[in-house]
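K.L.:
need coordinates for the below:
(one chain, ligands or ions: 1)
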Amino acid sequence: MSQTPVITLNDGATIPQLGFGTYKIAPDQTAAAVRTALEVGYRHIDTAQMYRNEQGVGQAIREAGIDRADVFVTSKLNNGFHEPDDARRAFDDTLAALGFDYVDLFLIHWPLPTRYDGDFVSTWRTLEEFKSDGRTRSIGVSNFQVAHLERLARETDTTPAVNQVEVHPFFGNDEVRTYGRTHGIVTEAWAPLARGAMADDPEATRIARAVGRSAAQVVLRWHLQRGDVVFPKSVTPQRISENFAVFDFALGDAEMDALSALDKGEAGRTGANPDQFDNLNT
Ligand SMILES: NC(=O)c1ccc[n+]([C@@H]2O[C@H](COP(=O)([O-])OP(=O)(O)OC[C@H]3O[C@@H](n4cnc5c(N)ncnc54)[C@H](OP(=O)(O)O)[C@@H]3O)[C@@H](O)[C@H]2O)c1
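P.N.:
Residues are numbered from 1 along each chain as shown. Below you'll find the model as predicted:
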């Protein structure tokens with residue numbers, strides 16, 4: 001039903017390149033927003049323990065009457081649960097909240113290199129258990145820098161299927177993306193609209209006028225043509241539809257380059273630098 005392209009991960013699973021993000025959707029609004037997204041045609045939902053809205057995600061999928069196998073569901077381990085036994089309990093809680101017996105993808109949400117004596121390796125080995133017992137189809141990481149990925153490569157047997165990191169035209173994050181591309185790790189671009197700021201950007205707006213689209217659509221197209229996975233978030237039905245209508249036009253090289261030129265480096269981040277981020281209580 002969906003025209004969304006799929007990308008094959010390094011473990012053979014496939015992921016729809018465009019999904020629906022749920023960060024900051026209140027628990028009691030989540031089922032309604034996800035229901036709208038499923039009606040529009042999204043078949044990939046990104047949630048996390050931290051968002052406290054996994055229950056609404058599972059509820060909306062069940063109530064939509066869509067086969068579980070036809071929706072790609074991602075969740076993420078919260079920062080307070082990196083110790084293996086805590087991670088096992090938290091993963092059980094994720095499946096219970098969603099009401100499913102598996103997720104498609106489970107991620108370490110942040111590497112927290114200044115916490116847990118710098119050990120995210122034992123956490124990763126615990127995610128390997130979840131994959132081998134079939135309760136997650138794929139495993140990956142989020143907010144991992146190149147040094148963190150190199151450490152997993154040295155010390156563990158499984159290459160993450162994805163690395164979900166901040167990427168948008170104001171913050172291209174190209175060092176991390178390049179490492180992923182050369183090591184078989186798909187980049188998922190979080191905050192693809194820079195938390196909404198791209199919709200008002202003059203350059204994105206200029207390109208949008210030229211191609212007869214909205215600035216948000218043009219920016220989502222930029223991500224898709226760069227090969228990243230994206231899941232814009234919205235609670236606004238009209239925007240949920242708008243963000244999905246991005247498969248019937250394309251940007252040329254000049255338009256792609258003009259958006260890439262908006263990169264401000266570190267100053268372009270909307271979120272924390274993963275080398276410093278250490279908040280366990282989110
Ligand atoms: N792994 C991580 O650490 C991490 C961090 C952040 C995000 N994420 C994931 O990535 C997803 C997306 O990131 P995000 O939610 O932070 O930011 P985003 O998708 O870049 O932006 C969301 C904001 O943009 C607005 N918006 C959406 N579509 C729009 C449109 N067509 N025109 C104008 N404004 C529009 C939304 O407003 P309304 O909702 O009011 O319509 C909302 O305020 C998250 O939901 C989450 O699933 C992961």
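K.L.:
hey, let's count contacts and neighbours off CA atoms from now on
P.N.:
Will do.
K.L.:
spell out which parts of the stretch 51-200 of the chain neighbour the ligand.
P.N.:
Selection of the stretch 51-200 of the chain residues close to the ligand by Cα under 6 Å from any ligand atom yields 109, 142, 164, 190-196, 199.
K.L.:
ok, now with 5 Å
P.N.:
Counting by Cα under 5 Å from any ligand atom, the positions of the stretch 51-200 of the chain adjacent to the ligand are 190-196, 199.
K.L.:
of the residues you listed, buried ones?
P.N.:
190-194, 199 (16 or more other Cα atoms under 10 Å).
K.L.:
picking that back up, just the ones of the residues of the stretch 51-200 of the chain next to the ligand in strands?
P.N.:
residue 190 (DSSP state E).
K.L.:
any chance you could map the strands in the stretch 51-200 of the chain?
P.N.:
All strands of the stretch 51-200 of the chain, identified by DSSP state E, counting those that start in this stretch, fall at 72-77, 103-108, 136-142, 162-166, 186-190.
K.L.:
so where's the stretch 1-150 of the chain shaky on pLDDT?
P.N.:
In the predicted model, the stretch 1-150 of the chain carries pLDDT under 70 at residues 1-2.
K.L.:
residue 103 versus residue 56, what's the distance?
P.N.:
15 Å (Cα to Cα, to the nearest Å).
K.L.:
cool, residue 136 as well?
P.N.:
5 Å.
K.L.:
same question, residue 188
P.N.:
Taking Cα to Cα, one finds residue 188 at 17 Å from residue 103.
K.L.:
same check on residue 235?
P.N.:
Counting by Cα to Cα - residue 235 and residue 103 are separated by 23 Å.
K.L.:
more neighbours: which of the two?
P.N.:
residue 103 (25 against 19; other Cα atoms under 10 Å).
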